[in-house]
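K.L.:
Give me a model of this one.
(4 chains)
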There are 2 protein chains.
Amino acid sequence: MPLSPDEPVLPAVVRPSVQDAIRRDIIAGVLTPGARVTEASLAQRYDVSRVPVREALRGLASEGFIDSRPHVGSRVAPIPVHDADDLFAVREALEVATARSAARRAAALYSGDESPEDWWRIRRQIAALLDAGDAHVAEGDLDPLVGINDQIHIAIAELSGSATLTQLLRQLSWKIEWLYAADMQSRGKRLWPDHRVIVGAIDAGDGERAAALMAAHVRESRIGYLRRYGVTRPSSDPEVAAAVRRQPGGAQDAVLPGADTVGP
Amino acid sequence: MPLSPDEPVLPAVVRPSVQDAIRRDIIAGVLTPGARVTEASLAQRYDVSRVPVREALRGLASEGFIDSRPHVGSRVAPIPVHDADDLFAVREALEVATARSAARRAAALYSGDESPEDWWRIRRQIAALLDAGDAHVAEGDLDPLVGINDQIHIAIAELSGSATLTQLLRQLSWKIEWLYAADMQSRGKRLWPDHRVIVGAIDAGDGERAAALMAAHVRESRIGYLRRYGVTRPSSDPEVAAAVRRQPGGAQDAVLPGADTVGP
DNA sequence: GTCTGAGTGATTGTATGCAATCGTCCCTCT
DNA sequence: AGAGGGACGATTGCATACAATCACTCAGAC
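P.N.:
Residues are numbered from 1 along each chain as shown, chains lettered A, B, ... in the order given. Got it, this is the predicted structure:
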């Protein structure tokens, strides 16, 4: 987190940290769908008692990251790949609403009707995020843009002054982030074995085959990138453009295989 | 709850009941926005320890019904009256998605591709809800229709097979129910003093004034009803129809005054 | 008179302990 | 050999206990 210089300092409480940490691990794929998560193991892992872990798990269950059955235990929920399109549609409705409300509030602010104390803080935060994004673009370092992008959208929601919409959008963003990460992982998993095959073709001295394999490999990676981060205009290669158009959602149906225990 | 005859019986756990009970009290207006809710008082009220109450409060906070500050306490959140339109817009996007997915799943079912075990259970549930609604309509007892309506929409979401969308829709429905209830309450509050004035006019023997007051009173109630439950076609009275059209949202900006403690 | 400061009561955050429940293994019976 | 049943281990659900923090009050100084 590159900013928040003057956030109101809240007392140190463990539960939100635990909840965030578990959510991060789920989104990052450290905890894979279907993995059993026991309160005791998580408590040991984060060096706290079971109580904050319990509450964190409850929260994550209500966010949809954890499936929990009474007296049985909790597992990481399956990735909602089927809902990808729907989640995007709902997010669109949400973002339209927050943007409109934020603009209306800005207009009311300029006309002097109201001046909430949070407004300028969030506004400064957005400015900082924009600057940070520009800096990364200038350096050609595009990876952080995804996160910054999400943060800006959340900040706009906060600017709208609607806690309800902000809350919903935040939950939705986490889910979509999860989808992206899972897509990236499974894509990487699918692309990885190619390397050995390509090297094998090189070893065998089959130049044409190695070239064809490498071409397919790079092309799939390119299509995946375009699908993931969007395109301002269709790819110059008509075949790639068609492939990108073919599955706009980007997430396939595969669910990552889940280990049954939490690794130490 | 008039149905769910063959639901899978889950072991008795206190926390969900507590959470539902508190949410019900908030929506029903027993706990008004701004009211302080301490864990101890709620624990005493529902005769459980603080732990399930804590977890219920956490859940309600993530649902947006409770505002909680560390080491300070929890209060009932303000009613999101400003977000009414936005919430309806988001719900529309959600319901469109669930209906489409449910229909697609039905098509896949009929073509024999898959036959999930839950499908028929939920389908029977919807049938029962429709029958119950018809029965109430036949008896002219329209009050329960609001709840049945919500249940049908949730059931359709469950039919879509998407836990994510169902969860979001459920949260949104609770919020909208809250808005309706608050609107009804404040409307009732506004209409109530009329009675005394009308009776006063009657006592004074001012027939014309009593008639005019009663006409205004009944008319406002009628407009409120039409605004709340919608109209299939514009009201026959053009003036009423215009008034109904005037504020389609229905919820005004007033926030119910909150008592500072939970009554015994 | 107003402001600063410590003290106190109340409330939450976390830890630990115990009972209830579930899944599973193994034994027994058919 | 397969099915049914009982006991055990593991895990969660809840209650209680203690520590940490905050809001508020009241005394005292400027």
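K.L.:
Next, give phi and psi for A:His71.
P.N.:
The phi/psi pair for A:His71 (degrees, to the nearest 10) reads phi 70, psi 0.
K.L.:
Let me fix that, I meant to ask about A:Leu142.
P.N.:
phi -90, psi -10.
K.L.:
can I see the domain layout of chain A?
P.N.:
What automatic domain parsing lists as the domains of chain A is A:14-78, A:82-176, A:178-246.
K.L.:
now the ones you listed as a markdown table including mean pLDDT?
P.N.:
Converted to a markdown table, the domains of chain A look like this (pLDDT from 0 to 100):
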| stretch | mean pLDDT |
| --- | --- |
| domain A:14-78 | 94 |
| domain A:82-176 | 86 |
| domain A:178-246 | 71 |
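K.L.:
Select, out of these, the one closest to chain B.
P.N.:
Ranking these by proximity to chain B (CB to the nearest CB) places domain A:82-176 first, at 3.8 Å. Glycine gets a C-beta too; all of them are placed from N, C-alpha and C.
K.L.:
so, in contact with chain B or not, that closest one?
P.N.:
Yes: Domain A:82-176 reaches chain B (CB under 8 Å from any CB of the partner chain) through A:82-83, A:85-87, A:89-90, A:92-94, A:96-98, A:101, A:161-165, A:167-168, A:171-172, A:175.
K.L.:
The residue positioned nearest the centre of chain A and A:Ser74, how far apart?
P.N.:
Closest residue to the average C-alpha location of chain A: A:Glu177 at 1.6 Å, with CA atoms, centre = their mean. Distance check for A:Glu177 against A:Ser74: by CB to CB, to the nearest Å, it reads 21 Å.
K.L.:
A:Gly59 now?
P.N.:
Counting by CB to CB, the gap from A:Gly59 to A:Ser74 is 12 Å.
K.L.:
Please apply the same query to A:Glu158.
P.N.:
Relative to A:Ser74, A:Glu158 is positioned 30 Å away (CB to CB).
K.L.:
Ok, A:Gln125 next?
P.N.:
34 Å.
K.L.:
I'd like to check which residues are in contact with A:Ser162.
P.N.:
Residues near A:Ser162 by CB atoms under 8 Å, 6 or more residues apart in numbering or on different chains: A:Ala97, A:Thr98, A:Ser101, B:Pro80, B:His82, B:Asp83, B:Asp86.
K.L.:
need the contact list for the first one.
P.N.:
Spelled out, that is A:Ala97. Counting by CB under 8 Å, 6+ apart, A:Ala97 makes contact with A:Ser160, A:Ser162, A:Leu165, B:Asp83, B:Asp85, B:Asp86, B:Ala89, B:Val90.
K.L.:
Looking at the residues you listed, state which has the most neighbours.
P.N.:
For the contacts of A:Ala97, the largest number of neighbours (other CB atoms under 10 Å in any protein chain shown) sits with B:Val90, at 28 neighbours.
K.L.:
From the chain's centroid, how far away is stretch A:66-83?
P.N.:
The chain centroid and the centroid of stretch A:66-83 are separated by 18 Å, computed with CA atoms, centre = their mean, to the nearest Å.
K.L.:
Brilliant, that's me finished.
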